[in-house]
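A.B. asks: give me a model of this one.
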Amino acid sequence: VTTLFWGAGATLQFIVLLWAQVNLNMTLDKAAMLQGIVAVGIILGSVIAGKLISLKNSIKILPTGILMGLVVPMMTLTSSIIPASVLLIIIGVLAGSFVVPMNALLQHRGYVTLSAGQSIAVQNFNENLNVLFMLGIYSFLLYANIEVNTIVAIFGVFVAITMWAVTVKCTRNQKKVNFDTMIGDKRAATLQK
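C.D. replies: All right, here's what the predicted structure looks like:
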């Protein structure tokens with residue numbers, strides 16, 4: 001899930017630049033400010049997740065990833081800066097509230113099953129590989145002269161479908177495995193307090 005998030009996040013930065021030039025008639029330097037607006041949303045979402053989502057409840061946030069994917073295509077409906085900024089903040093809030101619990105769970109599981117260094121190495125390898133993969137797809141779509149609004153829609157639908165598949169798989173796995181054992185019995189007892 002975090003691998004998808006980082007690949008999607010890197011690609012979204014480039015998509016926002018082109019989208020702002022086409023839909024909002026912004027120059028590249030002004031379009032870059034929209035990336036800062038997304039970052040503000042991510043910060044807000046991270047704070048919200050840090051206060052409201054415990055490690056024990058982290059997988060309950062998975063539908064937020066689906067929602068984020070469904071909101072992204074709404075970018076194609078905006079043509080002025082204020083609604084675009086609000087929409088980008090919403091996307092950022094969804095992304096931040098999604099990635100913090102998922103990253104915490106990943107770090108914890110990595111610590112429990114591997115060493116901390118091995119966990120970070122595997123995580124970074126996978127995330128950077130996915131960034132490369134998704135930017136490659138984005139580059140191919142640009143090379144094929146696909147218009148930016150179509151790319152935005154494809155991107156959002158891809159994220160939503162992928163997150164839906166992950167959510168379904170996680171739900172099935174929860175029926176087979178006790179989540180408390182995944183986060184470590186000793187730590188689970190501490191988290192419940």
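A.B. asks: quick check: closest non-adjacent residue to residue 159.
C.D. replies: Spatial nearest neighbour of residue 159, excluding adjacent residues (C-beta to C-beta, 6 or more residues apart in numbering): residue 69 at 3.3 Å. Where C-beta positions appear, they are placed from N, C-alpha and C, glycine not excepted.
A.B. asks: how near is the one you found to residue 31?
C.D. replies: According to C-beta to C-beta, to the nearest Å, residue 69 stands 22 Å off from residue 31.
A.B. asks: more neighbours: these two, which one.
C.D. replies: Taking neighbours as other C-beta atoms under 10 Å, residue 69 and residue 31 compare with residue 69 leading, 23 against 18.
A.B. asks: run through who's touching whatever helix or strand that one lives in.
C.D. replies: Using DSSP states H and E, residue 69 falls within helix 62-71. Residues outside helix 62-71 that contact it (C-beta atoms under 8 Å, 6 or more residues apart in numbering): 1, 4-5, 87, 90-91, 94-95, 97-98, 156-164, 166-167, 170.
A.B. asks: stretch 125-140 now?
C.D. replies: With C-beta under 8 Å, 6+ apart as the test, stretch 125-140 has contacts from 2, 3, 4, 6, 7, 8, 10, 11, 14, 15, 151, 155.
A.B. asks: distance between that stretch and the chain's centre?
C.D. replies: Computed by C-alpha atoms, centre = their mean, to the nearest Å, the separation of stretch 125-140 from the middle of its chain amounts to 14 Å.
A.B. asks: ok, which stretches of the chain are helices?
C.D. replies: Applying DSSP state H to the chain gives helices spanning 2-23, 28-52, 62-71, 81-113, 116-143, 148-176, 179-182, 185-192.
A.B. asks: between the two ends of stretch 20-36, how far is it?
C.D. replies: With C-alpha to C-alpha, to the nearest Å as the measure, stretch 20-36 spans 13 Å from end to end.
A.B. asks: mean confidence (pLDDT) on it, please.
C.D. replies: Averaged over stretch 20-36, pLDDT sits at 91.
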